[in-house]
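[1] Structural data only, the sequence is not supplied:
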């Protein structure tokens with residue numbers, strides 16, 4: 001599985017170095033997604049430089065395989081790499097909690113998706 005990463009900046013020009021740092025931070029997320037449905041590959045990253053502190057803020061949003069389930073994290077850091085690493089670590093924690101929850105209920109990801117879609121139709 002390969003993550004599809006869309007990086008945008010709020011009043012910031014995104015450089016290749018920034019893209020590379022964000023991609024490196026998301027490598028661990030990608031490894032944790034092994035076995036998840038392929039539609040979990042869309043990842044949106046918004047990068048912003050905070051005026052008051054000068055810190056970098058990174059918001060990561062990862063689309064989930066189950067309807068109405070999205071992993072999201074917003075973190076700050078002195079560098080883009082630091083903020084991206086922090087946000088990615090939070091996403092990894094969320095993915096692991098979700099995986100544990102699904103496994104405790106003894107459902108596959110496809111069953112969870114079917115259950116959620118059934119609730120929507122009702």
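    Yep, that arrived. Model, not experiment: these values are computed from the prediction. Residues are numbered from 1 along each chain as shown.

[2] In this protein, which helix is the longest?
    Longest helix in the chain by number of residues (criterion: DSSP state H): helix 80-104.

[3] May I see the buried residues of it?
    80-88, 90-92, 94-95, 98, 102 (16 or more other CB atoms under 10 Å). For the C-beta atoms, the positions are set from N, CA and C on the backbone; glycine is no exception.

[4] Now do the helices in the chain.
    So, for the chain - with DSSP H - the helices run 16-32, 80-104, 109-121.

[5] Could you dump those into CSV with mean pLDDT and distance to residue 2 added?
    Shown next, in CSV, are the helices of the chain (pLDDT from 0 to 100; distance: least, CB to CB, whole Å):
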stretch, mean pLDDT, distance to residue 2
helix 16-32, 91, 7
helix 80-104, 88, 16
helix 109-121, 65, 18
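
[6] and the residue nearest to residue 90 when sequence neighbours are not counted, how many neighbours does it have?
    Nearest residue to residue 90 in three dimensions, chain neighbours excluded: residue 73, at 3.8 Å (CB to CB, 6 or more residues apart in numbering). Residues within reach of residue 73, counting by other CB atoms under 10 Å, total 18.

[7] So in terms of bridging, what pairs with residue 73?
    residue 60 (DSSP bridges).

[8] Now render the helices of the chain as a markdown table, adding distance to residue 56.
    Below are the helices of the chain laid out as a markdown table (distance: least, CB to CB, whole Å):
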| stretch | distance to residue 56 |
| --- | --- |
| helix 16-32 | 9 |
| helix 80-104 | 4 |
| helix 109-121 | 33 |
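
[9] so which of those helices gets nearest residue 43?
    Taking CB to CB, helix 16-32 is the member of the helices of the chain nearest to residue 43, at 6.5 Å.

[10] distance of residue 83 from residue 30?
    When distance is defined by CB to CB, to the nearest Å, residue 83 is 18 Å away from residue 30.
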